[in-house]
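Trainee: Take this sequence and fold it.
(one chain, ligands or ions: 1)
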Amino acid sequence: MIIKARVTAFVSVSGVCNHRLFSTASHLPPKATWKKDFNFVGTKLRGRDTISCLDTARQFVKKMGVHKMGSKDTPVTVVDAYSGFGLVSQALLELNNVAKVISIEPAQIFNGPLTALSQQHSDRMVYIDQDPYDWQVYTSIEKDGHLDAVAVRPWEHVHDHFAVFMQVPATVYGEQLIGQFFHCMVFRSWLFNKGRFPMGLLINSPSYERLVHEPGQAERGRIAAIREATAEIDVLIPEKDLVPEQHRLYPQMKQPNKKTKKAANILNYVGTKVEPLVDIIPNTNTLDAWEFVTRQIFVTRRYSLKKSLKHLAVNADVALCKPLEERGVDVDKAVRDLTIEEIAQVIDVFNEWPFKPEILYRDDVDDRFAPVYRMSIMVLLAAPPPLRMYDDISSVTALVTERRRQEKLITLTTRQSSPTCQQNTPNPAMSRSPTQTHQISDTDIAVFDSITSPSTKIGRKGSGSGSRRPTMDPMILALAAAKPPTHNHYQHDFFGMDCTGSKSRRLPVTYQSQQKPRKERLSELKQKQKHERRSSRGSVQSSDTATASQPQPLQVTCQVRTRIPTPHGEVFCHLYTSNHDKKEHLALVVDPDQLKRDYVSSNDIRSRSLDGVRAGESELDRLTRGAYVGKIKRSIEDDASGAGVGAGAGAGTGTISLNAMPFARRQENMEKLQPLVRIHSECFTGETIGSQRCDCGEQLDEALRQMFVGTSSDHRGHQARGVIVYMRQEGRGIGLAAKLRAYNLQDLGHDTVTANELLGFGADERTYEISASILRDLGLGAGSAGVRLMTNNPDKVSALETEGIPVCDRVEMIPRAWKCNHDDGVAALEHRAKHLFPNPGRFSTGGEQTPNMASSHGDEEKNVFAKTLSNAENDSGDEYAQHVLRRSGATLIGAGAAQGDDLERYLRTKVERMGHLLKIPQGGSDKKG
Ligand SMILES: Nc1nc2c(ncn2[C@@H]2O[C@H](COP(=O)(O)OP(=O)(O)OP(=O)(O)O)[C@@H](O)[C@H]2O)c(=O)[nH]1
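Mentor: Numbers count the residues shown, from 1 in each chain. Below is the predicted model:
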């Protein structure tokens, strides 16, 4: 009723401008009464200054060029958001070409003038008393048909009959809204689904400044970068033309600071035109990265890009600097000095980085639940080791969402477990760490909020703006919570709740000490001290002899050698022990020539320590430990039953000699006899169960394969010879258990190097002295023709050279996934097969055969190969290449081409972080690899 009366009054009062320069409108009461009619005191309308001068509004509309828009067939539609007094709407309605003005204003204080105006122009104006901040308003406008006259226009052209005006509130929400427009431009969402329309934004000067800071300006922040990448901004009404603001804008009062009693400055505004770029730099796929990267690096905008990159993820500074430098980005430049093109490069490199965090942006946690969400993360992450893992965060979100759906309340999870909660929880992280539940009360939320939310009170004196940083990082709390409870900290723990019944009940808290009883600990300590005393006494005694405390010189001994037929051919497997460790290392010798002769040549790859005579051994002993020459034939085995073996051996077989060493070695031509050598480290997962996390299985297979195809012309005429020194240095020397732990850390987002480091190891804990000694023992040390080392690892080359093993060539080990799956079609497959199996004897009748291939096998394989080729069209490239590999005799488990994302990450880390000498294929990660 009151409103209606007032409306009538407004309409009856003709608008008279109180100032000779500034006109007001007919739907507004005389200016003298504004203070009474539009009293902002006590309202929550902070920052809602509105244009109060019709001329200013007209100027704004004119400069936007609305009068030139549209045509007879395409009448102009304009949205006037936060329309305030409605003067922009009025200026628009004065134009004949404007067919519809949709005025949106949530503040009741402006209801009178806007209702009056909409009644005056009921055919052309719609007044909606909702908040333009609420995106649903726009959906409803569209649903109600108010935008029916707006045609969708191609993005290349600025929309010719649609525009939006907004007097943006000078609050954090207003600024957020502007930020969201840039998002919508990228996605062509919101009203931008109609095309690239211009926006007339009245913005407060500080916000405007933030949007336009240029590279090099001290205050340049991420919003300026995002704006620059998405839209142009022009000033239509400069700040100076809105002076004196109190006549152009209302209320624009100087409000004295309550504490200092000094008058605060009024906020200045600028009228701007914001128009989306035709070629917006971010796209829908990269926008999250833009948001994330700019947010992270601009935290330290004064610092160099190099330093700031570390905010992106663990080791991002190390991994991304090199590719950025390669693209010409100066990583020493301060972040605020980066041009938009340079920022785009950073985003590209980040996007290409296989180890970038997977979740960059979450929008599914509303404000009300944010503290609880953070708290859940905090507590879930408290499961040792307390690391911030993105996977966990995503599963926590799932948990929180599920809880909200199920019970309309949040259940906090803690480190101890209750079975009920595990059942209810779809969260895999929960099964990882036992959990208990705790109903969150308002007090919990308040406490947590107060310690982790941005403080609005903190800030520079008089600035009025609070710090946006949480006073305490939730992650620090998580770390603190991760510590196992001690008797001093009971009160800090969360208490378990039994939520099985209708009423939840607090569980009695039981703490179990991790320590053994004191008595046991003391006796253990005593034992330990006793042991230490004894060993120190022992060392004092033995230090009498000067050398006792010094480490023994390394000595390796081949304990046994035997012939092993492999899919590639026969190898001699040597088992070595050393006096420096307790491991059994192996050496697989490929030297088919030795099998054909009954004498030892100077070029044979033979173990000196194996052939050496050992005191008191019989010929049978020598035979059983493999110290024979040539090949034991079945005829001997048949003859040699029981003790007769020793006697029969060497006598009349012609293929075996048990001559005592040293053999009379025959001197032979040394040319082209540099064997292929691989120092291979044990990998149970890759070699035994075919793990696709690494390429170890296929490397072992590939090494053997190449050693056997040595006669092919592709291998520069080298003979089929080689040695695989198989070192029992599982997991790059950290052991199997630690490697498996490292895999879990890798699944949580870390790379192989960081995972090792988090476990307290170096990236690579291997040493190569024992490998070198084994090679020396096999006659490949100093004075030999040298070796061709199969590796990408520069450490191995330098380690062997330091040990005096001449490395005359390094043979690259290209992962099969990188060297095959890139073409389609039979021809390509044929080519690939040839490439993978350079020895044509495998698949053709005319060519050489690998030493291991019995001819009958050759035929069988030929058929299989032919058959497979004919089926290749029906097969995907991947499957086919795998198939060929398997058929080719690569029957070791894990010897196919390893592939997959895990492998890609693993290989790239080796190259990018460990300096392995391998060329990453262009777009390798995209390959079906
Ligand atoms: N710690 C750790 N070890 C791994 C991982 N993946 C494979 N390994 C081990 O790494 C060893 C193989 O080393 P790599 O780094 O792949 O290769 P390399 O021997 O240094 O170099 P190349 O001679 O070029 O093959 C084997 O012992 C594997 O068990 C992993 O994720 N973490």
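Trainee: Now whichever strand or helix holds residue 534: average pLDDT?
Mentor: Assigned by DSSP states H and E, residue 534 falls within helix 518-542. Helix 518-542 shows a mean pLDDT of 73.
Trainee: wait, is residue 572 part of a strand?
Mentor: Yes. Counting by DSSP: H, G, I helix; E, B strand; the rest coil, residue 572 falls inside a strand.
Trainee: what's the spacing between it and residue 789?
Mentor: 20 Å (CB to CB, to the nearest Å). From N, CA and C alone the C-beta is placed, and that goes for glycine too.
Trainee: and whichever residue of the stretch 801-929 of the chain sits closest to the ligand, what does it touch?
Mentor: The ligand sits closest to residue 813 of the stretch 801-929 of the chain, with a gap of 5.0 Å, by CB to the nearest ligand atom. By CB atoms under 8 Å, 6 or more residues apart in numbering, the residues touching residue 813 are 699, 702, 703, 790, 791, 792, 918.
Trainee: let's see it at 6 Å
Mentor: Residues near residue 813 by CB atoms under 6 Å, 6 or more residues apart in numbering: 699, 790, 792.
Trainee: Please apply the same query to residue 921.
Mentor: residue 818 are the contacts of residue 921 under CB under 6 Å, 6+ apart.
Trainee: quick one, phi/psi of it?
Mentor: Taking degrees, to the nearest 10, you get phi -70, psi 150 for the backbone angles of residue 921.
Trainee: returning to that earlier point: just the contacts of residue 813 now: which is nearest residue 274?
Mentor: residue 792 (51.9 Å; CB to CB).
Trainee: Touching, residue 118 and residue 125? I think so.
Mentor: Yes. Assessed by CB atoms under 6 Å, residue 118 is found in contact with residue 125 at 4.6 Å.
Trainee: Mind checking which of those two has more residues around it?
Mentor: residue 125 (23 against 20; other CB atoms under 10 Å).
Trainee: right, and that one touches residue 116 too?
Mentor: No. Contact between residue 125 and residue 116 fails when scored by CB under 6 Å: they sit 10.6 Å apart.
Trainee: Let's see stretch 283-300 as CSV, backbone CA atoms only.
Mentor: Extracted in CSV, the C-alpha atoms of stretch 283-300 (Å, rounded to 0.1, in the frame of the first residue of the first chain):
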residue,chain,number,x,y,z
ASN,A,283,39.6,-22.1,-24.1
THR,A,284,37.1,-24.4,-22.3
ASN,A,285,39.9,-27.0,-21.7
THR,A,286,42.5,-24.6,-20.4
LEU,A,287,40.4,-22.2,-18.4
ASP,A,288,40.9,-24.2,-15.2
ALA,A,289,44.6,-24.1,-15.7
TRP,A,290,44.5,-20.4,-16.3
GLU,A,291,42.6,-19.9,-13.1
PHE,A,292,44.8,-22.2,-11.1
VAL,A,293,48.2,-21.1,-12.5
THR,A,294,47.5,-17.4,-12.3
ARG,A,295,46.1,-17.7,-8.8
GLN,A,296,49.1,-19.6,-7.7
ILE,A,297,51.9,-17.7,-9.3
PHE,A,298,50.5,-14.2,-8.6
VAL,A,299,50.6,-15.0,-4.9
THR,A,300,54.3,-13.9,-5.2
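Trainee: What residues sit buried inside it?
Mentor: Burial within stretch 283-300, assessed by neighbour count using 16 or more other CB atoms under 10 Å, is assigned to 286-287, 289-298, 300.
Trainee: Among those, which ones are in helices?
Mentor: 287, 289, 290, 291, 292, 293, 294, 295, 296, 297 (DSSP state H).
Trainee: Determine the number of other residues adjacent to the residue nearest to residue 604 when sequence neighbours are not counted.
Mentor: With CB to CB, 6 or more residues apart in numbering as the criterion, residue 604 has its nearest non-adjacent residue at 5.4 Å, and that residue is residue 594. Applying other CB under 10 Å, we find 23 residues neighbouring residue 594.
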